[in-house]
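K.L.:
Any chance you can model this:
(one chain, ligands or ions: 1)
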Amino acid sequence: VTERTMINLPKNLELDKQCTVKHPFSLEGIGVHTGVSQRVNVSPLPAQSGIWFVKKEADNLTYFPALMSHSQPFNLATCVGVNRKNSVKTVEHLLSALYGIGVDNALISVEGDEIPIMDGSALPFVEAILKVGIKTLPANKRILILKDEFYQESHGSSISFVPGSSKTFRVSFEIEFDHPRVGLMDRDFDIDPETYVKEICKARTFGFWKDRIALHKIGLGLGASEENTIILTSKGIRNKEKLRYPDEFVRHKICDALGDLALTGVYLRGNLRLSKSGHALNRQFSKWVFEHAMKKASLISTRPPQVNVLA
Ligand SMILES: [Zn+2]
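P.N.:
Numbers count the residues shown, from 1 in each chain. As a prediction, the model looks like this:
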C-alpha cells in the first residue's frame, strides 16, 4: 500500500438522515483467520431496513441482521450469524466503515465464512463506499438517547458509558502493551463521519509475531501477513510499510469498537470510555445498548429485507 486515492465525504451529507450506498460494490480478498479467499458484495437497502447479511452456500441463502440478537461468541473477531456454524466472522472492519460513515441500510452478501481482511483496516471499505456514493433516505437516523450509565470490568479491562446532554458521541480508548513501539496509548475522538474517515478508518490490525504458532494451532490467523496486519516482534515491527499514525494501534482499537457497536443498530450520544477492552467486553456493552434499543421497537427492524439478491 503506497499510493492512496483521496477519499472525501460528499459535501451535502445530512448527518441526521438515514443513508444507504448509491450502487452495489464488491471486494475480494483473503480472510485473516480462515486464510481462504472470500468475496463480499454490499448493495443498497431502503430506509428502516438496517444492515443485513445474506450468506450464500450452494443454493441456500441465509439472511440475518447485523444486530446483537445474532452476535456469536468469538474472542478474536466479531462474528454474526444464525448460529456458530452458520455465521460470518471478522465483520468488524466492514461494519465499522458503514457505521463510521453513517450508512444505516445495506445488504452484505457473503460467499464464504469471513469478510476479507483487505489491508487490515477499514479504509478499503470506506474507499469502496465513497466510490459508489452515499444516498440519503427520507427517514431520520436511529439515535438512542440513553439515561442510564454503564460500567463493566473484566480481567483488568473496563468499559464505561456516561450519557451526555451534548450532541456528540465521544469515544476514548486506552491500551497498554509492554512493547517499545506501543506502551501506553490513550486517544479520544468525537465520532462523526469526517473524523472517522480522517483519523480512524486507516488504522490497521496488529498482532504479535510470537503468538502466531499458537493461533495457527487452533486454526486461526491463517491469513495474517504483513499485507494485512502490523506484526510486532519482540523489539520492533516486521512490516515494510511504516505506521500510518504514531498511535495507529489505539486508533485501530477505536475502529474495532465502532464495528462492535454497529451491532446495536443505533447511534449514541455521550461518552464511552474503553480501557484495554476487546471484542468480548465490547460485546457486553453492545448487548446492554441493544436491549435498550429493542424496548423502543421502532428503532430497530428485525424483518428480513424484501429484496432479490440472486446474482
Ligand atoms: Zn480490527
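
K.L.:
what residues does the stretch 101-250 of the chain put near the ion?
P.N.:
Proximity of the stretch 101-250 of the chain to the ion, by Cβ under 5 Å from the ion, involves residues residue 205. Any C-beta I mention is one placed from the backbone N, CA and C, and that applies to glycine too.

K.L.:
Looking at the stretch 101-250 of the chain, what residue ends up closest to the ion?
P.N.:
Closest contact between the stretch 101-250 of the chain and the ion, by Cβ to the ion, is at residue 205 (4.4 Å).

K.L.:
give me every residue that touches that residue.
P.N.:
32, 93, 117, 120-121, 228-230, 252 (Cβ atoms under 8 Å, 6 or more residues apart in numbering).

K.L.:
10 Å - rerun?
P.N.:
If you count contacts by Cβ atoms under 10 Å, 6 or more residues apart in numbering, residue 205 has them with 32, 77, 90, 92-93, 117, 119-121, 224, 228-231, 248-249, 252-253, 255-256.

K.L.:
just the buried members of those?
P.N.:
For the contacts of residue 205, a neighbour count by 16 or more other Cβ atoms under 10 Å gives the buried set as 32, 77, 90, 92-93, 117, 119-121, 224, 228-231, 248-249, 252-253, 255-256.

K.L.:
And the pLDDT for the closest residue to residue 34 other than its chain neighbours?
P.N.:
Among residues not flanking residue 34 along the chain, residue 114 sits closest, at 5.0 Å (Cβ to Cβ, 6 or more residues apart in numbering). For residue 114, the model assigns a pLDDT of 95.

K.L.:
Report the mean per-residue pLDDT for stretch 205-212.
P.N.:
Mean per-residue pLDDT for stretch 205-212: 93.

K.L.:
Next up, phi/psi of the residue nearest to residue 34, please.
P.N.:
Backbone torsions of residue 114, given as degrees, to the nearest 10, read phi -150, psi 150.

K.L.:
Who does it form a beta bridge with?
P.N.:
residue 89 (DSSP bridges).

K.L.:
wait, isn't it in contact with residue 53?
P.N.:
No - using Cβ atoms under 10 Å, residue 114 makes no contact with residue 53, being 11.9 Å away.

K.L.:
circling back to that earlier point, so which of the contacts of residue 205 belong to strands?
P.N.:
Filtering the contacts of residue 205 for membership in strands, criterion DSSP state E, returns 230-231.

K.L.:
residue contacts, residue 146?
P.N.:
Contacts for residue 146 (Cβ under 10 Å, 6+ apart) come out as 161-164, 266, 268-270, 288-289, 292-293.

K.L.:
Give me the pLDDT value at it.
P.N.:
94.

K.L.:
gap between it and residue 267?
P.N.:
Residue 146 sits 11 Å away from residue 267, going by Cβ to Cβ, to the nearest Å.

K.L.:
which residues touch the residue nearest to residue 34?
P.N.:
Neighbouring residues of residue 114 by Cβ under 10 Å, 6+ apart: 30-36, 38, 40, 77, 79, 87-91, 223.

K.L.:
Of those residues, grab the buried ones for PyMOL.
P.N.:
With 16+ other Cβ under 10 Å as the criterion, this PyMOL line picks the buried residues out of the contacts of residue 114:
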select buried, resi 30+31+32+33+34+35+38+40+77+79+87+88+89+90+91+223
